[in-house]
Each structure stands twice: as C-alpha cells, then as structure tokens.
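[1] Provided below for reference: sequence and predicted model.
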Amino acid sequence: MKNVLITGASRGIGASCAEAFAKAGFHVFVNYNNSEEQALVLCEKIRKEGGICTPVKADVSDMEQVRRTVSLCVYHGGGIDVLVNNAGIDFYGTFEQTEPQIWQKIIDTDLTGVYNATYAALPEIKNSGHGRIINISSVWGVHGASCEVAYSAAKAGVIGFTKALAKELGPSGVTVNCVAPGYIDTDMNGMFDKATVSDIINRTPLSRTGSVSDVADTVLWLASEKASFITGQIIGVDGGFM
Ligand code: NDP
C-alpha cells in the first residue's frame, strides 16, 4: 500500500484530496493545524468508507513539527510515496496594509511550509521508487493578483521551487509538479461577495467556479503511473480563467 502525506487536509482542497487518495487505495496521512475536529471527522468518514487514514497535527511553518509528522508517517505507514504540499493561507489587502508580520506569516506558511515538508520527507520519497511531490500554487502565482502581493509572491516561489526541484530529482525517479487552481469554492474565498463571484464566473470560459474535486482529481492523476513522464509542470485548473 502506498502512503500519501497531504498538508492542510482538514478542510477544502486538501480534504478532497484525502478522500480521493483514500478511494484510490492509499494510506492517507491527514495533516491539520487548527481544525482538529474537522480532520477527525474526515478520517472517520474515510474509515467508514473502507479507507485507511491517520490524522497528524503540525504547523507546516515549523520544521520540528514537520519532522515529527514525517516520523509518524514512517512509524505507521513505513514511508512516504507521495507528498501533496497543499496547506496555505491568504491575506487580502493592499500592499501598504501588508505589515511585516503578515508578510512573514504568508511566506512562512505558503512557501517555507513547502520547503519544510519536502526537505523532511525527501529521503522517504526517494526510497519509494515511484516518489511524487505535488505542490499547490495558484493562478496568482503565475499572473499576480492586486491586493494579494504576499500570497502571489509565495505562490510564484512555489512554482520556481517546483521547476528547479524537478530538474534536480529527475535522476532519482521522483517527479515534482504543481497545480495552479483558479477560483475554487472553499473557506479561503469566504470574503468575496456574490457580485465578485459572478464577475469571476463571467470571466471564466467554462462559466463556473471550480470545485475541490476538480483539483483533487488532477492531483491524484499526477500521483498516478499515468503521469510518470510528467515533471516540472504547472497545471492550471481554472476553467480557462487565465
Ligand atoms: P482552506 O482555507 O479551505 O484550507 C486551508 C487548509 O490549510 C486547512 O486545512 C488548514 O488547516 C491548512 N493550513 C493553513 N495553515 C496551515 C499551517 N500552518 N500548517 C498546516 N496546515 C495549515 O483553503 P483551500 O482548500 O482553498 O486551499 C488549499 C490550497 O489551495 C492553499 O495552498 C491555497 O493557497 C490553494 N489555492 C486555493 C484556491 C481557492 O480558490 N480556494 C485557489 C488557488 C490556490 P487548519 O484549518 O487545520 O489550520
């Protein structure tokens, strides 16, 4: 049985990835930080449906907590085959409102969190023989968003990280890819009013917002044997928005 560690899997896109990987037969390690109850409810649901999962609390911006998470994956699952770097936070406000501590928190979570989990898990992923690293960036990491400068910068960093690491790890047989979602219906977008969401839909060729399963299906496919010759890619899941 293969093991997948999904960061930020208590809610939203990460939770949908957890369900998709469990249905595909993976032992899923459901990382969460604050939403313990949601993570436990999700794990209970996965188990009732016949899947195998283990919840694990860690703040991805803290290397020691991430190292403990990897040790737990090794103890309970024997290793890590797939790492999904999904955990993320956003800050919506002008650049002038982006005070140093806000900037630091976004970078620590959205970019350093990807470094921490990858660095700590890499020996296990290399051992797997068919290791996969899948990072969740954003359309704003490709194109930049007004009033989301810190977020756009962190997500652009994730794209550079993906491309560089893919080259370095190719000879080890590990693929490194990135998914760049457009607007997906999750808590993260809770601050947008109906008019803003309608505007986004009007500007989206496929005329809808994205669902968490749109992203999860793509992540699962990147983790599959069918994507074994794909590495260093940034896959847009945005209905043609960009
Ligand atoms: P949600 O706000 O719904 O969920 C965020 C998840 O990240 C939660 O499970 C949360 O865990 C976890 N998380 C946040 N900070 C940390 C941390 N320090 N350590 C561990 N886990 C953490 O967001 P989405 O599902 O929408 O977003 C998932 C990813 O997709 C993010 O990287 C986001 O940037 C990206 N994305 C989302 C888009 C969208 O439109 N929704 C578009 C493009 C990209 P907990 O609650 O337990 O703290």
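    In hand now; what should we look at?
[2] Please work out the average pLDDT along stretch 135-144.
    Average pLDDT, stretch 135-144: 98.
[3] What parts of the chain come near the ligand?
    Taking C-beta under 6 Å from any ligand atom as the test, the list of the chain residues beside the ligand reads 7-14, 31-35, 59-61, 86-89, 109, 136, 138, 181, 183-184, 186-189. Where C-beta positions appear, they are placed from N, C-alpha and C, glycine not excepted.
[4] Can you give me the buried ones in stretch 182-199?
    Across stretch 182-199, burial judged by 16 or more other C-beta atoms under 10 Å covers Gly182, Tyr183, Ile184, Asp185, Thr186, Met188, Asn189.
[5] which outside residues touch it?
    11-13, 88-90, 92, 139, 200, 204, 209-212, 214-215, 236-239, 241-242 (C-beta atoms under 8 Å, 6 or more residues apart in numbering).
[6] filter the residues of the chain next to the ligand to the buried ones?
    7-14, 31-33, 35, 59-61, 86-89, 109, 136, 138, 181, 183-184, 186, 188-189.
[7] Going along the chain, name the strands of the chain.
    Here the chain has its strands, by DSSP state E, at 3-6, 27-32, 52-57, 82-85, 132-136, 175-181, 234-237.
[8] helices or strands up against the longest helix along the chain?
    Ranked by number of residues, the top helix in the chain under DSSP state H is helix 149-169. Counting contacts by 3 or more C-beta pairs under 8 Å, 6 or more residues apart in numbering; DSSP states H and E, helix 149-169 is packed against helix 100-107, helix 113-128, strand 132-136, helix 139-143, strand 175-181, strand 234-237.
[9] contacting residues around the longest one?
    Put plainly, it is helix 113-128. 2, 5, 7, 60-63, 66-67, 69-70, 73-74, 79-83, 85, 87-88, 131-133, 135, 158, 161, 165, 169, 172, 174.
[10] quick one: average confidence on it?
    Rounded mean pLDDT across helix 113-128 is 98.
[11] Leaving out sequence neighbours, find the closest residue to Gly170.
    Spatial nearest neighbour of Gly170, excluding adjacent residues (C-beta to C-beta, 6 or more residues apart in numbering): Thr231 at 6.1 Å.
[12] right, and Gly144 touches Ala154 too?
    No. The criterion here is C-beta atoms under 8 Å, and Gly144 misses it with Ala154 at 11.8 Å.
[13] So which of the two has more stuff around it?
    Ala154 (28 against 14; other C-beta atoms under 10 Å).
[14] what's the nearest residue to that one if we skip its chain neighbours?
    Asp110 (3.7 Å).
[15] Who are the contact partners of that neighbour?
    Gly88, Ile89, Tyr151, Ala154, Lys155, Gly157, Val158.
[16] try 7 Å this time
    Contact analysis of Asp110 by C-beta atoms under 7 Å, 6 or more residues apart in numbering lists Gly88, Ile89, Tyr151, Ala154, Lys155.
[17] Please verify my assumption that the second one contacts Ile106.
    Yes. Shown here, Ile89 and Ile106 form a contact pair, counting by C-beta atoms under 7 Å, at 6.5 Å.
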